[in-house]
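Trainee: Return a 3D structure for these sequence lines:
(chains A and B)
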Amino acid sequence: MKPRLLFGIIFMVAFTSLVMYNFSGSIGSYVNFEQASYRFGSETHVIGTWVKDMPHGFNNQTRTFNFHMMDEEGNVRRVVYNNAKPQNFEDAIQLVVKGKMKNDVFYSDDMLVKCPSKYNDQSLETMTAGASS
Amino acid sequence: MIGILGKILIILAFLSSIAAIVFYFLDSKHPKARYSNLGHAFFIAKGLFITVASGLLLYLLFTHQFQYYYVYNYTSLDLSATYLAAAYYSGQEGSFMLWILMSFLVGLALIKWTSPVYRSPMMFFFSITQFFLLMMILGVDIAGLHLGASPFRTLQEQMPNLPVWQVNPDFVPADGSGLNDLLRSPWIVIHPPFIFVGFAMMTIPYAFALAALWRRAYQDWIYPALPWALGANLSLLIAIFLGGYWAYETLSFGGYWAWDPVENASLVPWIVGVAGIHTMLVQRRSASSKKASLIFAILAYILVVYQTFLTRSGVLGDSSVHSFVDLGLYSQLLLFMVTMIVIAVVLFVMRFREMPSQEREDPILSKEFLMFSGALVLFLTGLVIILGTSSPIIGRLFVDHPTPPEMSFYNDWSIPFAILISVMTVVTQYLWWRKIGNAEQLASQLIGPTLLTAVVTIATIIFADVRNPIFMLYLMAGYFALIGNGWLMVRILQKKPRMAGGTLTHVGFAVMLLGFMGAAYDRPMLDEETKRYNEAVLRGDVVDDEGFPVVQTINMIELFKGEPKLVDDRYLITFVQSEITERDRPGEQEYTLRIEDTRRNNRSFYIYPVLYPMLANSTGGDVSWTVDPHVEMGIFSDMYAYVAGSYLVDREFDNWTQGVFNPVSQPVSDGLPVPESDMIQTVKVKRGASVSVDNYKLSFADFEFLGTDEYPENATIAVRAQLTLTNLADSVSIPVAPTFAIVRENDENVTFAPQVAIGDTPISVRFINVNPGTEEIELELSGIRQVEQKEWILLTVEKKPFVSVVWLGTILLMIGFSFSIMRRWSDQKRRELREKKGEDQLDENEAYA
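Mentor: Predicted coordinates for the structure are as follows:
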């Protein structure tokens, strides 16, 4: 075998394993609030929905946006988002908060707001209800 | 009617694409003018069908035919003509149409300019891609399978279960749901077309490579393919640049790049495309790297398809800010991708044995080997980014429900690659242009640039206080690439300016890399108080109401109207005014802030961040707000500011949730019934002073202790205040003298403060406390509307260094690409001419013989 080819193969194997190792370390798994509370002090991603009828709002003192979120298992926790209320927050069909859980409060530095395709059968139904009667 | 016509046109286009595939295949197998003419005819027919269909879709959009789902979903009556036109590709179905249309135009260019050797097989592969794209918008059922989503489907087809259809089958909504507010930006007019021109052009190297395999012409295909490959990469680069600029300037994504899957979707094909260009250049020069050129040309397009699959199939649902509607195209997209891969792999394997392999190895210090290795490093960079983007799929190897990787994954890997590539560009370029035989000569040539690099790097490290060793290395590599390539460029410009495209590209690349460095130093600009608070948070000294430590730092500043705040020890920021302008959207607000640079003679400038409610997206009582940041561009750093919240937002929001939505700018308090509780307020006033309460002025002249005969019953002390209430509107003053007393009741001191009506106004006053020390009294006023709250805003200002350097680098890259395209294109023309002449001469020779 040519030395250069051998070197290339060794390099590729080393490179691939290093990348994959690093990759596996940098991805996490989506968890619910219960699981997040066990992972003390580590970054977690939680998927859920905004609980509209619980207290929420921007705290001018700590400059945080506070709201309650229900995760996919139905656990409701207070979320402290370290920023202004994100765009599209009210329309979101789903939220992904990234952060740490401490004492049953989820401190989030990053939030992904998933919006519907702006369009759902429900809203049209209410809209057409008037038109058809 | 038009909808049915549109559907039929798409079906006809689809059938024509099948016919084109068949005839191009026949012509490739058994070349006959009849076959190729038929192939072209069907190809052009397909293009015409899709053009007319696009025209119909535009017509539906412009005439607001909301019975069509696409029109209903992406437009509304208030949209301007520009956005109505842009709505053509604002949805997924339309964007496929744009892609097909662009491919058609590119295909026409191929028919015109490609040599007959490759034309038919190329057009065969090209038509296959068109076949799949057309299938995405077909919208027909074949044997129980639903193929594609037609842009011409009606609301009723989209949602047959709505009750309204039973009552009124001809129901047409009065208005559409409107274009997403975020997309209402001039950038939508220009960004998507470039993306799809880029995607369409990326098909050309793919088709060329496959045609080369088919024709067993492993060398000659690169000459005509090179300018096309460069063009495809230029288009993608422009598209990426426009997207980044849009995200940064108006979408407030926080920066120009976030490693978002959709961004990566166009970046990776670009990187692999660039790798392919380099191996083609190697091949052009020394007839080596043949397999690599083929592989990269094929791979770049497959990656376009793969990333299309990732972003449009719903796989990336949880991880991207670009929420694409899942149209149920998963299987079709998968089939598209798999077919493209299978065709390429089968052809490649079939020809693999007979492909000429390199006889001798290039020495390590040769331009061929280094350039090839450079291409390989680019390719590896692309691979890492794909790996990260594919986390929802590949991540399942490690965890059940994988999240996207941390941003640091991309950064940690791209930084060393960037360093490596930077150094390689210089070494390879020197080997390419200078006559260099060995390492010693190379070293002597590079002494100047290296020394200069060292000086500049050390100066930067000291001046900018760079502490991170990786960053130091990165800086050095960036400067080395800039200086090395720049020096070479100057030489080439002096001798052969026509050839300078390549070095200019590398200079642009280096400038861009240096600019990226700035992103590591992005930080919010804060006032002293907030900084101290943040430090306390980091020390763990701050606890919240419930006694838990606060862990989050604050990254915005609170400003009150007219009260300047010193930020970063340097800039004095004043909130000057806020205004509901409604310039581009209903309810739009514009804020005016003055920034004075105290280190530069108080040179001041104004910034105008904008906020607007997303009314088109909002339903019911909920209103989302979106910011449009103000970017103050500077040579060394940008100031990036947006209003994160304000009194005005709160007030408007309150008004809307109360159902009084009135987007026209007027004082909101007018005409609204004010609840009783809001009309009671407490004011403090000192002796001899006065306070303004709404439209009234309340003056406190003096107070007097009452004599015991005037005491209320059981009082221990009693005071009376001499007040005057002046109505500022008509300047009528009414005196009033309320009493305050401490009364002894059941051995307890109780405040005695009767409510006193002021003249015959609805206003009454109660004297509720007195502070003898400061001579300040406290009064409760009823009947006057709440005092206007202080006008406050929360402002996020970030300092973003070297953003303009990134733009400069990108633009240099584009110019470099453009020069290279022109050069390669004219090279190719001359080459064709020569070949023709050669043939003519051959004919003459034959005649002589």
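Trainee: Apart from its neighbours in sequence, what residue is nearest B:F43?
Mentor: Spatially, and ignoring its direct neighbours in sequence, B:F43 is nearest to B:A20 (4.5 Å; CB to CB, 6 or more residues apart in numbering or on different chains). Backbone N, C-alpha and C define where each C-beta goes, glycine included.
Trainee: tell me the contacts of the one you found?
Mentor: B:A20 sits next to B:G39, B:F42, B:F43, B:K46, B:M123, B:S127, B:Q130 when contact means CB atoms under 8 Å, 6 or more residues apart in numbering or on different chains.
Trainee: Among the residues you listed, which one sits closest to chain A?
Mentor: Among these, B:Q130 lies closest to chain A (CB to the nearest CB), at 26.8 Å.
Trainee: Give the buried residues for the helix or strand containing the closest one.
Mentor: Per DSSP states H and E, B:Q130 falls inside helix B:116-136. Neighbour-count burial for helix B:116-136 flags B:117-136 (criterion: 16 or more other CB atoms under 10 Å in any protein chain shown).
Trainee: mean confidence score for the lengthiest helix in chain B?
Mentor: With secondary structure taken from DSSP state H, chain B has its longest helix at helix B:803-848. On average, the pLDDT along helix B:803-848 is 82.
Trainee: same question, stretch B:415-426
Mentor: Stretch B:415-426 comes out at a mean pLDDT of 95.
Trainee: Stretch A:54-70 too?
Mentor: So the average pLDDT for stretch A:54-70 ends up being 80.
Trainee: now stretch B:557-570
Mentor: Model confidence over stretch B:557-570, given as mean pLDDT, is 90.
Trainee: So what touches it?
Mentor: Applying CB under 8 Å, 6+ apart, the external contacts of stretch B:557-570 come out as A:60, A:63, B:525-528, B:530, B:572-578, B:593, B:596-599, B:790-797, B:799.
Trainee: Pull the contacting residues for B:E596.
Mentor: B:E596 makes contact with B:P564, B:Y571, B:L572, B:T574, B:N602, B:R603, B:S604, according to CB under 8 Å, 6+ apart.
Trainee: what about the fifth one, distance to chain A?
Mentor: By that I understand B:N602. In this view, B:N602 and chain A are 28 Å apart by CB to the nearest CB, to the nearest Å.
Trainee: State the distance from the closest residue to B:M123 other than its chain neighbours to B:A86.
Mentor: What sits nearest to B:M123 in space, not counting adjacent residues and going by CB to CB, 6+ apart, is B:Y24, at 4.7 Å. To B:A86, B:Y24 is 34 Å away according to CB to CB, to the nearest Å.
Trainee: in which helix or strand would I find B:P160?
Mentor: B:P160 belongs to no helix or strand when assigned by DSSP H and E.
Trainee: B:D730 too?
Mentor: When elements are assigned from DSSP H and E, B:D730 belongs to no helix and no strand.
Trainee: Extract the residue ranges of chain A that are flagged as low pLDDT.
Mentor: Scanning chain A for pLDDT under 70 picks out A:1, A:40-41, A:60-61, A:87-88, A:115-133.
Trainee: The longest helix seen in it packs against which elements?
Mentor: Counting by DSSP H, the longest helix found in chain A is helix A:3-26. Helices and strands touching helix A:3-26, by 3 or more CB pairs under 8 Å, 6 or more residues apart in numbering or on different chains; DSSP states H and E, are helix B:367-389, helix B:407-433.
Trainee: Next SSE downstream of the lengthiest strand in chain B?
Mentor: Longest strand in chain B by number of residues (criterion: DSSP state E): strand B:715-727. As assigned by DSSP H and E, the chain's next helix or strand after strand B:715-727 is strand B:732-736.
Trainee: How about the contacts made by the closest residue to B:I492 other than its chain neighbours?
Mentor: Nearest non-adjacent residue to B:I492, counting by CB to CB, 6+ apart: B:A500, 4.9 Å away. By CB under 8 Å, 6+ apart, the contact list for B:A500 reads B:M489, B:I492, B:L493, B:F819.
Trainee: now with 10 Å?
Mentor: B:488-494, B:507, B:815-816, B:819-820, B:823 (CB atoms under 10 Å, 6 or more residues apart in numbering or on different chains).
Trainee: cool, B:E791 as well?
Mentor: Listed by CB under 10 Å, 6+ apart, the contact partners of B:E791 are B:L559, B:F560, B:K561, B:G562, B:E563, B:F575, B:Q577, B:S578, B:S646, B:Y647, B:L648, B:R651.
Trainee: Surely the second one is in a strand?
Mentor: Yes - if the criterion is DSSP: H, G, I helix; E, B strand; the rest coil, then B:F560 is within a strand.
Trainee: For it, give its distance to B:S331.
Mentor: To B:S331, B:F560 is 58 Å away according to CB to CB.
Trainee: just the fifth one next, same as before
Mentor: In this structure, B:E563 lies at 61 Å from B:S331, with CB to CB as the measure.
Trainee: what bridges to B:S699?
Mentor: B:S699 has these beta-bridge partners by DSSP bridges: B:S690, B:T724.
Trainee: and it, what is it in contact with?
Mentor: Counting by CB under 10 Å, 6+ apart, B:S699 makes contact with B:V685, B:G688, B:A689, B:S690, B:V691, B:Q722, B:L723, B:T724, B:L725, B:T726, B:S733, B:P735.
Trainee: Which residues are in contact with residue 99?
Mentor: As the question left the chain open, I've gone with chain A. A:36, A:43-46, A:79-82, A:105-111, B:551-552.
Trainee: my bad, the chain I had in mind was chain B
Mentor: B:89, B:129-130, B:133, B:136-137, B:192, B:195-197, B:199-200, B:203, B:304, B:308.
Trainee: these two touch, right, B:T82 and B:P186?
Mentor: Yes - because the distance of 7.5 Å satisfies CB atoms under 10 Å, B:T82 is recorded as touching B:P186.
Trainee: For the stretch 51-200 of chain B, which segments are assigned as strands?
Mentor: Along the stretch 51-200 of chain B, counting by DSSP state E, counting those that start in this stretch, strands occupy B:140-142, B:145-147.
Trainee: any chance of those in a markdown table, with mean pLDDT too?
Mentor: Putting the strands of the stretch 51-200 of chain B into a markdown table (pLDDT from 0 to 100) gives the following:
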| stretch | mean pLDDT |
| --- | --- |
| strand B:140-142 | 84 |
| strand B:145-147 | 83 |
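Trainee: Helix, strand or coil: sort out A:K98 for me.
Mentor: Taking three-state DSSP as the rule, one finds A:K98 in the strand state.
Trainee: For it, give its distance to B:P613.
Mentor: Distance from A:K98 to B:P613, counting by CB to CB: 26 Å.
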